[in-house]
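Q: compute the structure for the input listed below.
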Amino acid sequence: MIACIYWFYGRKSFRTIEKDISYGPFTIRATANTGRELNMNYGMVDRTQVAYSILYQNKAIEFPGGLQSNTGLPFLWNVYALEGAKQASLIAGSQNLYLIYINEGTPVVEPLLKQSHDFASLQFLDSNQGQPGLYEEVFSKSDTTNLEQLNRLVGGRFLMIGEQTILDIQTFEKWNFHVSNEPIENYSFPVPHGALAFAPDQKSIVFLAEFQSWNTQDEDLPESENALVVYDYLKDTGYAVKFDNTATRLINIKEANLQWFNRFFKWRQTQEGYHLELIQNQKPPNWTGRFDSTDAYYTLYPVKPSMLPVFLDFVLNQLGWTKANIVRDETHEYTGHCLDLEFENTKLDIRFKEDEQSLTFSKNLYVENSTKYGLLVKKIADTFDVELQSGKYQDHFGQILSETKKIRGVYKDK
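A: Next comes the predicted model:
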């Protein structure tokens, strides 16, 4: 059922859309209210809020007060159908989350997560062939598209809620873990959010972690600031597995995925269970570049100064240009070594920043974005990556250095 209601108050107009969705014994009602309000940057704008309510036998199910305490949106932000549960069940809430099911004809609203400094989150630990699925945060909605569709949590058994509660959806058994947020071996986790891997015995979760440098002297800083934390949610204990970012080619912690994990780490079965280890003497893959399709930027990192003439010659050769096409060759303290290349209406930039060990290739900064430049930069980037993957130019790469050590000037002292 969809209902649209228009009403007026003074000179302001409001519109309300209601949609009822049936799921098991429940009716989930989505109510979208749209009205005009003053925005300091854009003037009068439309603002939409979508609020949910859950009905059982035509009566609204009541939730505890304080669904959230600091956003001014004290209603259900979202409702999820819990597919695969032992009975028709829902998870609903805002920054607090609840499990809703029927017990002997009576609705049960069971707390799952109490609001903390982060938004509430949901992630199955075993929905991707036994490994973690998509991590998603719970936000309030302002989009009325597909309002008649109910969000569904599907594909797994062990649901991680707020990164501190595990719910077995087949038994409704719950485990709270790492509630104090204490670091493990001085590593904070999860950084970034979400579980990376799940142990074969489904007792331990692998998180990405970051070293707490604020409480550490220069001489005790690790060369690589990331680690994995393996946390046994049944025993509420964990340990860190350290690795070298250069050896594992982890340029950005956000690039860590299951494929990367499986290449460099292994589970060893012991009498106590499964223990995670770094695979020793693993030959790392060849360095390659990174192409950003959003801005059509190609980046090589971490590279030595010797990479600049090598890459410059490669680009000129690919374009059929010569060094006569270099219209600017300057070095500045903040922008680094700047090379502008130009032929007729094609203008390209190469930038090398030695202190950041980065080399970038893109269209000229003052040229408008166009498909032409995106395709040209990508073609050259892809061709150079093929060369890199074959093992060429690897001696022009350096090491991923600790950002904390760079900021503190530790490397300059050596």
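Q: ok, now how distant is residue 383 from residue 292?
A: 17 Å (Cβ to Cβ, to the nearest Å). The C-beta positions use only the backbone N, C-alpha and C, and glycine is treated the same way.
Q: low pLDDT regions in the chain?
A: 1-14, 36-45, 65-73, 116, 412-414 (pLDDT under 70).
Q: which parts of it are helices?
A: 258-264, 307-319, 371-389, 403-408 (DSSP state H).
Q: can I get those in JSON lines with distance to residue 108?
A: Below are these laid out as JSON lines (distance: least, Cβ to Cβ, whole Å):
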{"stretch": "helix 258-264", "distance to residue 108": "35"}
{"stretch": "helix 307-319", "distance to residue 108": "62"}
{"stretch": "helix 371-389", "distance to residue 108": "54"}
{"stretch": "helix 403-408", "distance to residue 108": "48"}
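Q: mind putting these into a markdown table with mean neighbour count and distance to residue 208?
A: Listed next are those as a markdown table, based on neighbours: other Cβ atoms under 10 Å; distance: least, Cβ to Cβ, whole Å:
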| stretch | mean neighbour count | distance to residue 208 |
| --- | --- | --- |
| helix 258-264 | 14 | 10 |
| helix 307-319 | 17 | 29 |
| helix 371-389 | 16 | 25 |
| helix 403-408 | 14 | 16 |
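Q: if we ignore the residues flanking it in sequence, what's nearest residue 155?
A: residue 127 (3.5 Å; Cβ to Cβ, 6 or more residues apart in numbering).
Q: got the contact list for the residue lying closest to residue 29 once chain neighbours are set aside?
A: The shortest distance from residue 29 to any non-neighbouring residue, by Cβ to Cβ, 6+ apart, is to residue 53 (4.8 Å). Residue 53 makes contact with 28-29, 31, 60-61, 75-76 under the criterion Cβ atoms under 8 Å, 6 or more residues apart in numbering.
Q: swap in residue 403?
A: residue 225.
Q: buried among the contacts of residue 53? Make that a PyMOL selection.
A: In PyMOL syntax, the buried subset of the contacts of residue 53 is picked out as below (16 or more other Cβ atoms under 10 Å):
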select buried, resi 28+29+31+61+75+76
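Q: which two of the contacts of residue 53 have the greatest separation?
A: 31 and 61 (14.9 Å; Cβ to Cβ).
Q: related to what we said a few turns ago, list the contacts of the residue nearest to residue 155.
A: 133, 154-156.
Q: what does residue 185 give?
A: Residues counted as contacts of residue 185 (Cβ under 8 Å, 6+ apart) are 227, 239-240.
Q: related to what we said a few turns ago, what's the closest of the contacts of residue 127 to residue 346?
A: Set against residue 346, the nearest of these by Cβ to Cβ is residue 133 (44.3 Å).
Q: surely the closest one meets residue 124?
A: Yes: judged on Cβ atoms under 8 Å, residue 133 makes contact with residue 124 at a distance of 4.4 Å.
Q: what sits in contact with each of the two?
A: Counting by Cβ under 8 Å, 6+ apart, the residues touching both residue 133 and residue 124 are 155-156.
Q: look up the closest residue to residue 263, ignoring the ones flanking it.
A: Spatial nearest neighbour of residue 263, excluding adjacent residues (Cβ to Cβ, 6+ apart): residue 282 at 7.4 Å.
Q: you'd agree the one you found is up against residue 264?
A: Yes: here residue 282 lies in contact with residue 264, judged by Cβ under 8 Å, at a distance of 5.9 Å.
Q: which stretches in the stretch 251-400 of the chain count as strands?
A: 265-270, 273-278, 290-292, 297-300, 326-332, 336-343, 346-353, 358-363 (DSSP state E, counting those that start in this stretch).
Q: okay, buried residues for the first one please.
A: By that I understand strand 265-270. Across strand 265-270, burial judged by 16+ other Cβ under 10 Å covers 265, 267.
Q: in its sheet, what does it sit against?
A: Using DSSP bridges, the strands paired with strand 265-270 are strand 273-278 (antiparallel).
Q: repeat that for the fourth one.
A: Next to strand 297-300 in the sheet, as set by DSSP bridges, lie strand 290-292 (antiparallel), strand 358-363 (antiparallel).
Q: buried deepest among those strands, which one?
A: A comparison of those by mean neighbour count, using mean count of other Cβ atoms under 10 Å, puts strand 358-363 on top with a mean of 22.
Q: could you tell me how many residues sit around residue 411?
A: Residue 411 has 11 neighbours, counted by other Cβ atoms under 10 Å.
Q: buried subset of the contacts of residue 127, written for PyMOL?
A: Command for PyMOL that selects the buried part of these, burial taken from 16+ other Cβ under 10 Å:
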select buried, resi 133+156
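Q: can I get the contacts of residue 127 in a markdown table including distance to residue 144?
A: Shown next, in a markdown table, are the contacts of residue 127 (distance: Cβ to Cβ, whole Å):
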| residue | distance to residue 144 |
| --- | --- |
| 133 | 27 |
| 154 | 23 |
| 155 | 27 |
| 156 | 29 |
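Q: which pair in the contacts of residue 127 spans the largest distance?
A: The widest separation within the contacts of residue 127 (Cβ to Cβ) is 9.2 Å, between 133 and 154.
Q: just the strands in the stretch 51-200 of the chain please.
A: Under DSSP E, counting those that start in this stretch, the stretch 51-200 of the chain gives strands at 59-60, 78-82, 90-93, 97-103, 106-113, 121-124, 136-137, 151-153, 158-161, 165-168, 173-176, 187-188, 195-198.
Q: quick one: closest of these to residue 313.
A: strand 195-198 (39.8 Å).
Q: could you list the alpha-carbon positions for that closest one in PDB?
A: Presented in PDB, the C-alpha positions along strand 195-198 are these (Å, rounded to 0.1, in the frame of the first residue of the first chain):
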ATOM      1  CA  ALA A 195      36.200  -7.900   9.500                       C
ATOM      2  CA  LEU A 196      38.800  -9.100   7.000                       C
ATOM      3  CA  ALA A 197      38.700 -12.900   7.500                       C
ATOM      4  CA  PHE A 198      37.100 -15.600   9.600                       C
END
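Q: and the contacts of that strand?
A: Counting by Cβ under 8 Å, 6+ apart, 123, 125-126, 130-132, 135, 158, 160, 163, 204-208, 228, 256-258, 261, 265 sit against strand 195-198.
Q: paired strands for it, with orientation please.
A: Partners of strand 195-198 in the sheet, by DSSP bridges, are strand 204-211 (antiparallel).
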